[in-house]
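1. take a look and give me a structure for this.
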Amino acid sequence: MKIVVIGGTGLIGKKLVGNLRQLGHEVVAASPSLGINSVTGEGLADALHGAEVVVDVTNSPSFEDKAVLEFFENSTRNLLAAEEAAGVKHHVALSVVGTDGLLGSGYFRAKMAQENLIKASGVAYTIVRATQFFEFVSGIAYVSTEGQTVRLPSAFVQPIAAEDVAELLVDFTLGAPVNGLRDIAGPDKFGLDDFVRQYLEVTQDPRQVITDEEAPYYGVHVTQSSLVPAGSSARISSAHYEDWLKQIAVQV
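-> A predicted model of the protein is given here:
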């Protein structure tokens with residue numbers, strides 16, 4: 001089966017491309033650096049010719065409100081139009097758990113716009129919403145830092161390893177379209193403050209995490225349940241944050 005992975009050279013895309021190729025599928029890794037640009041439409045028609053599935057794991061290079069909205073809207077519109085013209089049977093998109101409740105953030109408004117465009121299209125789809133990746137913890141710390149203090153709420157997170165995201169995406173890519181949302185998450189649930197605190201301790205970072213329930217998450221207020229899947233239907237991955245931290249500790 002021919003599968004096109006948009007964002008195929010990124011953190012998730014590179015792993016997904018490798019996983020699918022190991023299973024014997026014909027996989028096109030699409031990115032601007034390879035002459036395939038979903039934002040401008042460059043190379044899309046040729047890349048999608050004969051494809052049955054397109055997986056979109058792109059992310060905006062800018063999180064500024066206007067720029068991120070334009071990225072996801074332009075990219076998604078171009079992809080869906082090219083897929084319809086090519087007869088693609090399944091559009092898979094990677095999104096974020098809790099997006100509906102985080103619309104005070106321009107980034108999440110852009111992700112919601114992306115999801116709505118997919119739902120309104122005529123292409124069969126599966127939207128896979130993931131929790132925070134282990135690999136994003138340093139970025140969360142960075143945006144929450146003031147001097148040597150990191151202020152974060154104790155809202156629950158259920159982070160997931162990037163490798164597990166890529167593995168679970170294989171199942172959704174090869175499965176039938178659900179024409180709906182599916183959540184994926186890691187096996188452990190703890191506070192956002194502890195998520196970052198453990199990482200800083202392991203990496204011997206001198207910054208101190210202060211638990212502040214009013215502190216924002218990427219500019220938006222979160223409740224205890226904003227960042228974790230609702231209900232019990234989420235697919236749960238296998239890698240534990242504690243084990244990932246042990247690997248990080250060896251590198252310090």
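2. C-alpha from now on. contacts and neighbour counts both.
-> OK.
3. neighbours around residue 80, how many?
-> Around residue 80 there are 20 other residues, counting by other Cα atoms under 10 Å.
4. what about the strands in this protein?
-> 2-6, 26-30, 53-56, 90-96, 125-130, 145-146, 149-152, 156-157, 181-185, 190-191, 208-211, 235-236 (DSSP state E).
5. want to try TSV for the ones you listed, with mean neighbour count and mean pLDDT as columns?
-> TSV is the format used below for these (neighbours: other Cα atoms under 10 Å; pLDDT from 0 to 100):
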stretch	mean neighbour count	mean pLDDT
strand 2-6	25	98
strand 26-30	21	98
strand 53-56	25	98
strand 90-96	23	98
strand 125-130	24	98
strand 145-146	14	96
strand 149-152	21	98
strand 156-157	22	98
strand 181-185	21	98
strand 190-191	15	98
strand 208-211	18	98
strand 235-236	16	97
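6. now the ones you listed in JSON lines, with distance to residue 248?
-> As requested, the strands of the chain are exported to JSON lines (distance: least, Cα to Cα, whole Å):
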{"stretch": "strand 2-6", "distance to residue 248": "28"}
{"stretch": "strand 26-30", "distance to residue 248": "28"}
{"stretch": "strand 53-56", "distance to residue 248": "29"}
{"stretch": "strand 90-96", "distance to residue 248": "25"}
{"stretch": "strand 125-130", "distance to residue 248": "22"}
{"stretch": "strand 145-146", "distance to residue 248": "21"}
{"stretch": "strand 149-152", "distance to residue 248": "20"}
{"stretch": "strand 156-157", "distance to residue 248": "20"}
{"stretch": "strand 181-185", "distance to residue 248": "21"}
{"stretch": "strand 190-191", "distance to residue 248": "19"}
{"stretch": "strand 208-211", "distance to residue 248": "19"}
{"stretch": "strand 235-236", "distance to residue 248": "22"}
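7. right, and those strands - which one's nearest residue 114?
-> Each of those was scored for nearness to residue 114 using Cα to Cα, and the closest is strand 90-96 (8.8 Å).
8. partner strands of that closest one, with direction?
-> Sheet partners assigned to strand 90-96 using DSSP bridges are listed as strand 53-56 (parallel), strand 125-130 (parallel).
9. quick one: low-confidence ranges for this protein?
-> For the chain, the stretches with pLDDT under 70 are 252.
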